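Novice: Generate coordinates for the sequence data below:
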Amino acid sequence: MLNINLGDADANELAYATICDVMEYYGLDFSIDIELVGRDDIPAEDSEAGCMMVSDGNYTVYLNDKIDWTSEKIVEAVAHEMVHIKQHELDGFDLEIDESESHTATFQGKHYRMDNLYEYWLSPWEMEARAMEKFFLMRMATKRWL
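Specialist: The predicted structure is shown next:
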């Protein structure tokens with residue numbers, strides 16, 4: 001089941017198409033909600049977007065309502081967060097952020113500790129998500145969604 005509420009029918013349709021494309025590509029099947037929320041509601045306050053597991057097999061993707069969401073940005077953000085969900089479902093990805101803003105993660109059986117943003121941005125799960133957001137942007141353009 002997909003629930004999408006971005007406040008605009010075209011944006012909702014584009015987000016839906018992006019989710020379906022990512023899920024088809026990876027062979028995924030689970031429930032997801034997408035919401036456009038205020039900055040205070042997004043887990044990382046400087047994020048454009050984020051995702052979290054609500055319950056086993058159910059996820060929510062958040063898009064920051066302070067961002068000017070072009071079609072390209074919607075595809076990239078939704079695809080990026082969907083790749084993180086794929087990583088959780090298929091690659092054993094688990095990220096923990098503690099009070100000191102230190103991050104620990106498990107990904108593909110390896111354990112990581114990141115003490116700064118640079119280590120986080122160079123982590124294998126972020127590098128994969130950033131690469132695949134561009135891949136899905138190209139796929140959506142090829143399918144004439146953009």
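
Novice: Which helix or strand contains residue 113?
Specialist: Applying DSSP states H and E as the criterion places residue 113 in strand 110-114.

Novice: What residues sit buried inside that strand?
Specialist: If you call a residue buried by 16 or more other CB atoms under 10 Å, then strand 110-114 has these buried ones: residue 114. Where you see a C-beta, it was placed from the backbone N, CA and C, and this is true even at glycine.

Novice: List the pairing partners of it within its sheet, with orientation.
Specialist: Sheet partners assigned to strand 110-114 using DSSP bridges are listed as strand 103-107 (antiparallel).

Novice: Can I get the strand holding residue 113 as PDB, trimmed to CA atoms?
Specialist: As requested, C-alpha coordinates have been extracted for strand 110-114 and formatted as PDB (Å, rounded to 0.1, in the frame of the first residue of the first chain):
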ATOM      1  CA  LYS A 110      30.100  -4.800   8.500                       C
ATOM      2  CA  HIS A 111      30.000  -2.400  11.500                       C
ATOM      3  CA  TYR A 112      30.800   1.300  11.100                       C
ATOM      4  CA  ARG A 113      31.300   4.200  13.500                       C
ATOM      5  CA  MET A 114      31.200   7.800  12.100                       C
END
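
Novice: Other residues contacting it?
Specialist: 102, 103, 104, 105, 106, 120, 123 (CB atoms under 8 Å, 6 or more residues apart in numbering).

Novice: And residue 90, how far from residue 119?
Specialist: Spatial separation of residue 90 from residue 119 under the definition CB to CB, to the nearest Å is 23 Å.

Novice: coming back round to it: next SSE after the strand holding residue 113?
Specialist: Using DSSP H and E, the helix or strand that directly follows strand 110-114 along the chain is helix 117-121.
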